[in-house]
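Trainee: Task: produce atomic coordinates for the following.
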Amino acid sequence: SDVCSSDLRNIDTQLQTNVGLHAQLTSHWDLRLSLDYARDDLDSLARNPPEDPTMPLPPSFNPFISGAQDPAFYDAYFTYDHRRQRSTNRVASLNVNGELLKMAGGSMRLALGAEYRDERFSGTRGSRSLFGELNIPVVGADNALPGVHSLVLSAAGRHERYNQSGLVDSGSGTVTRVTARTLQAFSPSFGANWQPVEALTVRYNWSRSFNLPSQIDMFSAPFSFTIPVADSESPSGFTTTTFIGHGNPALHQQIGRTWSLGAEWAPGFVAGTTLSTTYHDVRISGYIGSLTDFSGDLDVLLAEGNALIPGSVTRTSPASAIVDLSSTNFAHFESRSLDFRLTHDLRMAHGLLQGELSATHAIDNELFSAAGPTGNRAGTSSGPSSWVMRARSTWDAVAWSATAVINFEDSYRNDDPGAVRQHVRSYTTLDLQWMHHLDALVKGLRVTAGGMNVMNAGFPFIDNQYGLDSTRVDFRKRRWYLELQADF
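Mentor: Coordinates of the predicted model:
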């Protein structure tokens, strides 16, 4: 019955445009300019039930039908929420790169660039950045040494300056615009590629980066709800608890430090085959999150909230409390993982057959709060699956190509203390895509058609409010797409 239906209309209209320019400045230097514009318009109409659940049903309600009621019933019993929202994104980038000088190991190359970005939704975010990258071939084919067939060093840096502003709702009907707040940081990175022999490459990379708080984290509207929560500290065994949340304009950026070590082997006795593996170590300070990052169980949040995030729980009386679910820079995050990748290309008379098998194994995933580490969350509902795999096969016949992809995500454990059923089964989907070049009609014209989850695989059940984990599955299930693209 649509008596309980809340969403009456939800129309999402998107527009994306891109203009690019490539100019050859000299025989060794080129310039690229890119202008992007994107707009998203959302028009939604929702029906809200009365705040008073004891409100009597109006006379127009007919209990003997299960479908649509008389329109007078809806107008008398429900309120309506009509929202129109628009978000825009403008990006302009300029990049110049080329050969700086000749070395014994090859050409030293330099890339310099600048980018301007403007994002608008409930607030605004503008950024200006300057970046550069230097690539130094120390050893190459002309000066190779025993045990050093090739050695390439790289260094890069990016300086970004952000201005953010938005609306802060106090919850009492007063809305205040927070003036532009400036955040800036420098992100360096270094890398080395070493080939002891031609068939083997060893890679090392280190970088420091930052991630800004989202507009939602900083400027979301306040909310609250009050319910009785089981509490061993209360004389009655229950505490009337008000859970609140709001945007936090005082958030600062998260700082990440990452290093990786990997190797790639291309055995000469199996032409067209490469095998690679990479170890990743990620550490983030000033991690942005809230109490819900630790648990979805309200009893746990009330009992352990202050130990996890000091000051998040306020006991106003022996039987009442306030729990703040707002985002804050509260923790340190660490993760370790291993990537594996096997590829094989087989050239045949009528085209190229390409195969790829990739996998990621999450070794460790932990948050460190004031109460200490959470424990390894890999393989649980709070963290990544232990294994994620992907098998891809493409037949490329120049004028057209066809691709099939099998996606697999390992089973995991639901770590919500309130869950009765903890095991969540694995999930496998099949994607298909076909692309055809139509250069005979218009040069650079191509059409792409495909489907995602074409077998319409059902979602793994998880014991939560919705019965599915939206961070791991797409609730739209099977979907088809058709794209027409042209390059000028």
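Trainee: List the residues that contact the closest residue to residue 386 other than its chain neighbours.
Mentor: Take residue 386 and drop its neighbours on the chain: the residue closest to it by C-beta to C-beta, 6 or more residues apart in numbering is residue 379, 4.0 Å away. Backbone N, C-alpha and C define where each C-beta goes, glycine included. Contacts here follow C-beta atoms under 8 Å, 6 or more residues apart in numbering; on that basis residue 379 touches 362, 385-386, 410, 412-413.
Trainee: from what I can see residue 431 touches residue 453, true?
Mentor: Yes. Judged on C-beta atoms under 8 Å, residue 431 makes contact with residue 453 at a distance of 7.0 Å.
Trainee: quick one: low-confidence ranges for the protein?
Mentor: Scanning the chain for pLDDT under 70 picks out 1-8, 47-79, 122-123, 167-181, 488.
Trainee: Who does the residue nearest to residue 396 when sequence neighbours are not counted form a beta bridge with?
Mentor: Spatial nearest neighbour of residue 396, chain neighbours left out: residue 352 (4.5 Å); criterion: C-beta to C-beta, 6+ apart. Counting by DSSP bridges, residue 352 forms beta bridges with residue 347, residue 396.
Trainee: distance of residue 352 from residue 398?
Mentor: Look at residue 352 and residue 398: by C-beta to C-beta, to the nearest Å, they are 8 Å apart.
Trainee: ok, now residue 250?
Mentor: 56 Å.
Trainee: Could you list the buried residues of the biggest helix by length in the chain?
Mentor: Using DSSP state H to define each element, the chain has its longest helix at helix 298-308. Buried residues in helix 298-308, counted by 16 or more other C-beta atoms under 10 Å: 298-306, 308.
Trainee: and what of stretch 332-350?
Mentor: Counting neighbours by 16+ other C-beta under 10 Å, one finds that the buried residues in stretch 332-350 are 333, 335-337, 339, 341, 343-344.
Trainee: Okay, helices next: where are they in this structure?
Mentor: Going by DSSP H, the chain shows helices at 71-77, 215-219, 298-308.
Trainee: name the helices or strands packed onto the shortest one?
Mentor: Here helix 215-219 touches strand 123-139, strand 150-169, going by 3 or more C-beta pairs under 8 Å, 6 or more residues apart in numbering; DSSP states H and E.
Trainee: what would those look like in a markdown table with mean neighbour count?
Mentor: Formatted as a markdown table, the helices and strands packed on helix 215-219 follow (neighbours: other C-beta atoms under 10 Å):
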| stretch | mean neighbour count |
| --- | --- |
| strand 123-139 | 18 |
| strand 150-169 | 18 |
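Trainee: Quick one: closest of those strands to residue 390.
Mentor: Distance to residue 390, taken as C-beta to C-beta, is lowest for strand 150-169 among the helices and strands packed on helix 215-219, at 27.7 Å.
Trainee: What strands flank that closest one, and is each parallel or antiparallel?
Mentor: In the sheet, strand 150-169 lines up with strand 123-139 (antiparallel), strand 175-197 (antiparallel) (DSSP bridges).
Trainee: Please convert those strands to CSV, extending it with distance to residue 89.
Mentor: Converted to CSV, the strands paired with strand 150-169 look like this (distance: least, C-beta to C-beta, whole Å):
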stretch, distance to residue 89
strand 123-139, 10
strand 175-197, 18
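Trainee: Nearest to residue 318 among the ones you listed would be which one?
Mentor: When the strands paired with strand 150-169 are compared by C-beta to C-beta, strand 175-197 sits nearest residue 318, at 35.4 Å.
Trainee: what residues are up against residue 156?
Mentor: Residue 156 neighbours (C-beta under 8 Å, 6+ apart): 131-134, 188-190.
Trainee: Tell me what it is bridged to.
Mentor: residue 133, residue 189.
Trainee: What separation do you get for the residue nearest to residue 354 when sequence neighbours are not counted and residue 339?
Mentor: In space, and not counting its chain neighbours, residue 354 is closest to residue 394: 4.5 Å by C-beta to C-beta, 6+ apart. Remark: distance between residue 394 and residue 339 (C-beta to C-beta) = 20 Å.
Trainee: Most neighbours of all the contacts of residue 379, which one?
Mentor: Ranked by neighbour count (other C-beta atoms under 10 Å), the contacts of residue 379 have residue 412 at the top, with 28 neighbours.
Trainee: these two touch, right, it and residue 382?
Mentor: No. Counting by C-beta under 8 Å, residue 412 does not reach residue 382; the two are 9.6 Å apart.
Trainee: give me phi/psi at residue 270?
Mentor: phi -130, psi 90 (degrees, to the nearest 10).
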